[in-house]
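Peer 1: need a structure here:
(2 chains)
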Amino acid sequence: MLPLSIKDDEYKPAKFNLLVKVSGWFRSILADKTSRNLFFFLCLNLSFAFVELLYGIWSNSLGLISDSFHMFFDCTALLAGLAASVISRWRSNDSFSYGYVRAEVLAGFVNGLFLIFTAFFIFSEGVERALEPPDVHHERLLPVSIAGLLVNLVGVFVFQHGGHGHSHGEEGHGHSHSLFNGSVGHGHSHGGHSHDHSHEAKHGHSGHDHGHDLGHGHSHGGHSHGGHSHDGHGHSHEEPHCHDDHLHTPGKGSSKQILQGVFLHIVADTLGSVGVIISAFLMQKYDLMIADPICSMLISILIGVSVVPLLRESIGILMQRTPPALDYALPECYQRVQQLQGVYNLQDPHFWTLCTDIYIGTLKLLVAPDADTRWILSQTHNIFTQAGVRQLYVQIDVAAM
Amino acid sequence: MDDKYSSNVISGGKLGRVDVPDAKLTRYVILLLVTKLLKAVGIFESYDLLKVVHIVQFLFILKLGCAVILLFFQKPFSSGKMVARTQWIKILKHAVISSVISLLGFFGLTLCGPLRTLLLFEHSDLVVICLLSVLFTNSGGGPSKTRGAAFFIIAVVCLLLFDNDDLMAKMAEHPEGHHDSALIHALYTGISFLGVADHKGGVVLLVLALCLKVAFHMHSRKLSVEIGGAKRLYALSNLVSSVVLLPWVIVLSATTENKVESWSSLALPFALVVFSIMILDFYVESICMAKLEMLRCARYGSTFLFLSGLLLANFWTHPLTDQLRAMSKHGQQAGTEHVLSGGVLVSACFFVMADGILSSPSKKGQKGTLVGYSPEGMPLYSLMGDALQHSSQSLPRFIKDSLKQILEEYDSRQIFYFLCLNLAFTFVELFYGVWTNSLGLISDGFHMLFDCSALVLGLFAALMTRWKATKIYSYGYGRVEILSGFINGLFLMVIAFFVFVESVSRLIDPPNINTVMLAPVSVGGLLVNLVGICAFSHAHSHGASRDGCSSHEHGHSHHGHGTGEHGHSHSHSHGGHGNSHGHGHSHNPGGRGMNANMRGVFLHVLADTMGSVGVIISTVLISQFGWLIADPICSLFIAALIFLSVIPLLKDACEVLLLRTPPEHEKNLNIALEKVQKIEGVLSYRDPHFWRHSASVIAGTIHLQIMSDVVEQRIIHQVTAVLKDAGINNLTVQVEKEAYFQHMSGLSTGFHDVLAMTQQMDSMKYYKDGTCIM
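Peer 2: Numbers count the residues shown, from 1 in each chain, chains lettered A, B, ... in the order given. Reported below is the predicted structural model:
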């Protein structure tokens, strides 16, 4: 029953057949709504870029060619998102023991960085143009940018919809986004069991009672679980949701980060097209040559500002920051753990985010030599599971006499 | 409460004044505001007056009017004690000096215009004293005051350098326009002797006059006590100075022809000026000094004054105001107003900030709370909490500290020196570009500056890596260097992409490149970058040789790294040293001589070097053979090279960020896990996760199922030792005895599973945990 791991001497990747692999990718792309959307939009974008490139080469217009390359560059963001959404569903193996779920965070980060680069380039170009307004010939620019705008609007619509669906999904799988909230708000809706329990645990004396009871129960076998049912009950209410989550999040693959990054990118592109159209209009009608650089500077600032939260969040995750969602919950948990009978001290607590809403923690407990380590272990797990920590590793060190 | 007490202390400890309600204070503040506004109006008006009236006459009229009014109000002769002869002499001196200073000030006004005069001359004494004490003594009053002084100096420099006043150009055309007196002529020659333009001379003059004014006020304080009050002294001094100025005015009006058509039309403006500048300001300020705190008074006063000055400068020449002042129409000099330039605005902002900072109460003894009074009647304060801690970090100190930190470590020192070199080159290029007005050089300079950002990023990362772990970043900041390497790599990818795109577009349509200026610049860039490559690859080889060296030295090099993590897991990091000698790093010398950060920086420098080489080659080819196609081909080639060289870095960084088991430890880990399996008492293990957090920290977690009759502690120690051999230095082992139940409850699997398991356990009636499961 217990999953025993047996090691081969060397891990060998399976030999792969390209065709099988590609078809597998396709299947996995098409299996999920988000990646399907991403894929179709990528195709749309790519075809638009190709048409533009071909037309540019045919009509020998440098502007069109460079614009199409710009489109290709934009496609990299989509590509990164798509790749991440596929990769993040790969199974974990020996090398990547946590699986590839972090790919989504990484994709969000890369997208954010690209956006920052783009914003910077646009800004510097805007400054350059403001200092020395170039002669913009806008006959060809307008139709292209309108077409680009249309394409991007499709993207915005799709991904907003997707995002909407995502948010729906969020509500559906519910407590994934707010596992932490889940344990609080949830405790409310499912009766105050978990709450009660926590209150009791806070009382030193009742905690003591509890522990005693449990130890007793165990030695007597089955009866214990009756006595223990309070705890078990509170806990079990928690569990189905967590379980749900566990299945959902990797399966769904539609992480916040990827979607946010892609969406921001598309919005940035849309803004860019709108800016070009407005400035072309202004230049044509009113001869306001300054409109173009001002538009582009404004747009780049907008992009930069909107990207910052994404970047900050993903950098936090990549640097193994303690999850901000747990900032307030953790000290309380520490306190509760330290109030458990027999626990002397709590050392080296590390808590970090694996990917969206999956938190992992390790900590070391220094316990009294005569403490019931099993009980402490299970209680600690309970406490942190209520706070939303998915995987917890507790090393129990027995203090020297 | 604090405020009240501190105001109490400042005003000399008179207890009666403690309970002044706030509403009353606001009244005084509003009064001060109005006065300052009027004063600003007065100064603007007097600037207009000075265009038609000679400066000495103007001053004489001012002093005379003031003296008459004050004689009426103050009655200096009838009230108070008699003034002795020696005191009369002192008053005479006082009057002479004050009129000289006023002359200087008004002369500065004619040179600089009213707004600039306001900004420069109308600082409160306190501010100036504070400024001077910061500049010339050691006891400046902390870093914030230093900052204020720096702001002040920046503001003055802004006025001096960045203030492009059109009027100045006009005045420079006829600098001898209205020198009608010897004094003014002397001043003019003095200024031109200094070698600066009039307007700048005016700024210098005003600053000097300001300092003189403050010193004079300081010295006249004693005299005012002797005479019997500052007001009496003021009245007497005005009277005397008008008497002193009288002969000069007579001589002047005799020798020079009068420009003024009708004195009657000037009566109203003069009255306004006399009232607002000389009398109202003096009285209100003295009242406010008494009622409010001195510092607050100074701060509000100067800020209001500057703001109203800015406002007036905007609207003074407006046609509407001209209509409003139609009855006092006198000026014919339309279009000779001083314009409101950007430099003035900037310096006004700086002046306001500087005044705010300099006149803010110093922290010494004021943040403390009043405890009570000592038996001698001295107030006792308790300096708790914020009074002691509240010391803002001084900027120079901060720079010094971080410089020291940078120079401590080899990596960051290397980056820092190269950054300095690069920046120097860039600035030389920029300056040369600006000087020769070559757009190519300037844009290249900006490009270099942009490249420097990668270096700055690397430097910052190298600094940040050494920060201590905090509660929030519990593993420390070691990952920053990987992130920075990743960002640098991505950055290079983007650059390569753009170079690629541009070269493609050039292939299609080869532009005409003027190769004149390009070659020397790129050679210079190449040299700089070669230095960088030498430095960084030296670091590389150095690191590698260390890696290959005897294990002892290696341990040293790792000691430096490990210090960050030293703090939070003392025993572990130590163990890590001992063991890492023998084992783990035999794999290292291959590719991982440097950390990701250094690799990123190195690659960046390498890419730049390749770019310069490419430019040089293509320049040679173009100039020698006329192959215009060489340039895009070179760039294509370079882009491909950059691309290829970045990929390994990106791959490594991605692996680390995706929490891969460190490849160089993988084999060891597998062996170690087998060993763990074989330890006596271990049933199995589960969820082994090992990942590299940073260059020096490899974290790991593992679940162990053990038999119930073995000592957990021993197993934990054995497992830790085994895995430490394999290179894991931050390990958490969770030992589970009754494996199944712990697994279920701990890992939050379904409720039903737990139930089922419970039933199963019931039915099995097992007493020995764990063993049954097998």
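Peer 1: just the strands in chain A please.
Peer 2: A:343-355, A:358-367, A:389-398 (DSSP state E).
Peer 1: got it, and chain B?
Peer 2: B:369-373, B:379-382, B:682-692, B:698-706, B:730-736.
Peer 1: what does the average pLDDT come to for the shortest one?
Peer 2: Rounded to a whole number, the mean pLDDT of strand B:379-382 is 56.
Peer 1: same deal with stretch B:151-160?
Peer 2: 80.
Peer 1: end to end on stretch A:331-349, go ahead and measure it.
Peer 2: 11 Å (CA to CA, to the nearest Å).
Peer 1: and that stretch, what's buried?
Peer 2: The neighbour-count check on stretch A:331-349 (16 or more other CB atoms under 10 Å in any protein chain shown) flags A:C333, A:R336, A:V337, A:L340, A:Q341, A:G342, A:V343, A:L346, A:D348, A:P349 as buried. In short, each C-beta sits where N, CA and C put it, glycine included.
Peer 1: ok, now stretch B:460-472?
Peer 2: Those would be B:F460, B:A461, B:A462, B:L463, B:M464, B:T465, B:R466, B:A469, for stretch B:460-472 by 16+ other CB under 10 Å.
Peer 1: one step back: B:A155: which of the strands of chain A is closest?
Peer 2: Taking CB to CB, strand A:343-355 is the member of these nearest to B:A155, at 47.8 Å.
Peer 1: touching chain B at all, the closest one?
Peer 2: Yes: residues of strand A:343-355 are located near chain B by CB under 8 Å from any CB of the partner chain, namely A:D348, A:P349, A:H350, A:F351, A:W352, A:L354.
Peer 1: tell me the one among those residues nearest to chain B.
Peer 2: A:H350 (4.5 Å; CB to the nearest CB).
Peer 1: remind me which residues of the stretch 551-700 of chain B are low pLDDT?
Peer 2: For the stretch 551-700 of chain B, the stretches flagged by pLDDT under 70 are B:551-594.
Peer 1: ok, which stretches of the stretch 201-350 of chain A are helices?
Peer 2: Along the stretch 201-350 of chain A, counting by DSSP state H, counting those that start in this stretch, helices occupy A:204-220, A:223-227, A:229-252, A:256-286, A:291-318, A:329-338.
Peer 1: adding distance to A:S306, write the buried residues of stretch A:331-349 out as CSV.
Peer 2: Listed next are the buried residues of stretch A:331-349 as CSV, based on distance: CB to CB, whole Å:
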residue, distance to A:S306
A:C333, 34
A:R336, 39
A:V337, 40
A:L340, 45
A:Q341, 51
A:G342, 51
A:V343, 46
A:L346, 40
A:D348, 37
A:P349, 34
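Peer 1: count the residues that sit near B:I671.
Peer 2: 15 (other CB atoms under 10 Å in any protein chain shown).
Peer 1: could the strands of chain B go into TSV alongside mean neighbour count?
Peer 2: Converted to TSV, the strands of chain B look like this (neighbours: other CB atoms under 10 Å in any protein chain shown):
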stretch	mean neighbour count
strand B:369-373	12
strand B:379-382	14
strand B:682-692	21
strand B:698-706	24
strand B:730-736	25
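Peer 1: and A:R91, what is it in contact with?
Peer 2: Neighbouring residues of A:R91 by CB atoms under 8 Å, 6 or more residues apart in numbering or on different chains: A:G99.
Peer 1: thinking again about what came up before, and the buried residues of stretch B:460-472, which two are the farthest apart?
Peer 2: B:F460 and B:A469 (18.0 Å).
Peer 1: ok, back up a step: list, out of the buried residues of stretch B:460-472, those positioned next to chain A.
Peer 2: Of the buried residues of stretch B:460-472, not one also sits near chain A (CB under 8 Å from any CB).
Peer 1: what is the nearest of the residues you listed to B:M278?
Peer 2: B:F460 (56.8 Å).
Peer 1: tell me the spacing between the closest one and B:R466.
Peer 2: B:F460 is 11 Å from B:R466, where distance means CB to CB, to the nearest Å.
Peer 1: so stretch A:360-379, near chain B or not?
Peer 2: Yes: counting by CB under 8 Å from any CB, chain B is contacted by stretch A:360-379 at A:T362, A:L363, A:K364, A:T373, A:R374, A:L377, A:S378.
Peer 1: determine which two of these are furthest apart.
Peer 2: So, these by CB to CB: farthest apart are A:T362 and A:R374, at 18.7 Å.
Peer 1: these two: who's more crowded?
Peer 2: More neighbours surround A:T362 than the other of A:T362 and A:R374, with 25 against 20 (other CB under 10 Å).
Peer 1: please enumerate the helices of the stretch 201-350 of chain B.
Peer 2: B:230-255, B:263-273, B:281-291, B:294-315, B:319-324, B:342-358.
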